[in-house]
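**Student:** Quick one, fold the following:
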Amino acid sequence: MESLGEYLPSLILLVPLLAFLEACAVVGVFVSGVFLLSTSAYLFTQTDTSLMLIAALAFVGAFIGDHSGYLLGRLAGPRLWETKLLTRYHNQRTRALELLEKSALLTVCAGRLTPALRSLTPIVAGLSGLSPARFTAYDVVACSIWATGLVVILQGLDSFS
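**Tutor:** Now for the predicted structure:
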């Protein structure tokens, strides 16, 4: 039987891919963070992969995934709000936009840290008209907190082995 070590470069590339898919607009609703956590845990505990490398790759994947959603929201803008599906949720739209306007940093961070909202919050941020510079700054903070959480979880798992 072949060793998984031969596939290490491919396994490492799964980290940013899974982080991207988890954050990607709409797709992320269907991709569980368990895949990323399992892959990261394997790489950290069973190979010589650096914890900081895993965290950095996860950060990059999440950041790109968030920005793909933001870009979708920014480009689709008003047309998306006028679709049949979203016109039914006018009250939720109003509340989401007010929340984003009042506390965008908190909203972006909460969205990044909440699995059900992770792939939707960047779209709403783009739809809301949040400037690209502000979204990028807030997303750096949110992805940093999220990647730090991944590090803490992986260190906790390593202490059990």
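**Student:** How much space separates the residue lying closest to Arg134 once chain neighbours are set aside from Leu117?
**Tutor:** Nearest residue to Arg134, sequence neighbours excluded (Cβ to Cβ, 6 or more residues apart in numbering): Ala104, at 6.3 Å. To be clear about C-beta, it is placed using only N, CA and C from the backbone, and glycine gets the same treatment. Taking Cβ to Cβ, to the nearest Å as the measure, Ala104 and Leu117 are separated by 14 Å.
**Student:** Show me what the lowest-mean-pLDDT helix or strand in the chain is in contact with.
**Tutor:** Ranking every helix and strand in the chain by mean pLDDT, DSSP states H and E puts helix 84-87 at the bottom, with a mean of 75. Helix 84-87 is contacted from outside by 80-81, 93, using Cβ atoms under 8 Å, 6 or more residues apart in numbering.
**Student:** would CSV of those residues with neighbour count and pLDDT be doable?
**Tutor:** Putting the contacts of helix 84-87 into CSV (neighbours: other Cβ atoms under 10 Å; pLDDT from 0 to 100) gives the following:
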residue, neighbour count, pLDDT
Leu80, 15, 74
Trp81, 15, 74
Arg93, 16, 75
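**Student:** ok now do the residue nearest the centre of the chain, which residues does it touch?
**Tutor:** Centroid-nearest residue in the chain: Ala23, 3.5 Å away (criterion: Cα atoms, centre = their mean). The contact partners of Ala23, taken as Cβ under 8 Å, 6+ apart, are 61-62, 64-66, 68-69, 112, 118-119, 122.
**Student:** That one - nearest residue in space that isn't next to it in sequence?
**Tutor:** Computed as Cβ to Cβ, 6+ apart, the closest residue to Ala23 that is not its neighbour in sequence is Gly65, at 2.9 Å.
**Student:** got the buried residues for stretch 126-146?
**Tutor:** Within stretch 126-146, the residues scored as buried using 16 or more other Cβ atoms under 10 Å are 126-128, 130, 135, 138-139, 142-144, 146.
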